[in-house]
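Undergrad: Starting from these lines, generate the structure:
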Amino acid sequence: MSNNLVEVTVTINGERRSATVEPRTLLIHFIRDYLGITGSHIGCDTSQCGNCSLLVNGRAAKSCTLLAVHVDGAEIITVEGIGKVDNLHPIQQGFWEEHGLQCGYCTPGAMMASIELLHQNPNPTDKEIREGLDGLICRCTGYEFIVNAVRRASEIMADQNSSKEEV
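TA: Residues are numbered from 1 along each chain as shown. Below is the predicted model of the structure:
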């Protein structure tokens with residue numbers, strides 16, 4: 001290990017966390033190896049599959065292409081930070097109801113990319129969902145169930161928003 005270590009501090013899933021790392025440490029390794037948060041998966045290490053996607057300051061990012069030092073001070077949300085078993089995030093609910101996974105390896109990245117997609121476009125068409133998830137590689141589902149899951153999450157979010165407006 002190099003003597004040129006740096007301290008990186010982030011707010012991850014609402015908790016401020018720090019670790020001392022080599023400057024070349026990728027964000028995915030920082031999160032998994034130094035912080036012990038393992039829901040984000042390593043797929044290709046080349047930014048092709050999207051399995052490592054998470055939210056950095058509210059935007060979906062592939063964590064295998066970001067250095068941890070570049071997100072020092074950032075707010076990061078991983079799949080562990082979006083909902084709880086007794087209070088699922090709409091994207092988790094949509095994936096559960098529509099069977100938007102098979103092996104589950106790409107699911108965390110797909111969920112995180114879908115959250116950003118739905119924030120940008122709350123009512124996407126199937127074509128827009130497919131385009132929004134273009135950077136995701138799933139080797140199991142053929143994407144149909146993932147598209148259905150994102151569409152269902154969109155419906156759940158719309159229902160939640162209309163319920164809030166009625167109050």
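
Undergrad: In the chain, where is pLDDT below threshold?
TA: 1-2, 166-167 (pLDDT under 70).

Undergrad: now the helices for it?
TA: 27-29, 90-97, 107-120, 126-132, 144-166 (DSSP state H).

Undergrad: Show me the contact partners of the second one.
TA: This points to helix 90-97. 82-83, 88, 100-101, 107, 110-111, 114-115, 118, 146, 148-157, 160 (Cβ atoms under 8 Å, 6 or more residues apart in numbering). All C-beta spots, glycine's among them, are computed from the backbone N, C-alpha and C.

Undergrad: so which of the helices of the chain gets nearest Ala68?
TA: Checking the helices of the chain against Ala68 by Cβ to Cβ gives helix 27-29 as the closest, at 5.1 Å.

Undergrad: thinking again about what came up before, just the buried members of the contacts of helix 90-97?
TA: Among the contacts of helix 90-97, those buried by neighbour count (16 or more other Cβ atoms under 10 Å) are 82, 88, 100-101, 107, 110-111, 114-115, 118, 146, 148-154, 156-157.

Undergrad: So which residue is smack in the middle of this structure?
TA: Met112 (2.5 Å; Cα atoms, centre = their mean).

Undergrad: Which residue, neighbours along the chain excluded, lies closest to it?
TA: Ser53 (4.5 Å; Cβ to Cβ, 6 or more residues apart in numbering).

Undergrad: mind checking how far the one you found is from Asn161?
TA: Look at Ser53 and Asn161: by Cβ to Cβ, to the nearest Å, they are 24 Å apart.

Undergrad: cool, and Ser154?
TA: Taken as Cβ to Cβ, the span from Ser154 to Asn161 is 11 Å.

Undergrad: Mutual contacts of the two, please.
TA: With Cβ under 8 Å, 6+ apart as the test, Ser154 and Asn161 both reach Pro122.

Undergrad: neighbour count winner among Ser53 and Asn161?
TA: The neighbour comparison of Ser53 against Asn161 (other Cβ atoms under 10 Å) goes to Ser53, with 32 against 11.

Undergrad: who's in contact with the more buried one?
TA: By Cβ under 8 Å, 6+ apart, the neighbours of Ser53 are 40, 60-63, 108-110, 112-113, 135-136.

Undergrad: Thanks again, I'm all set now.
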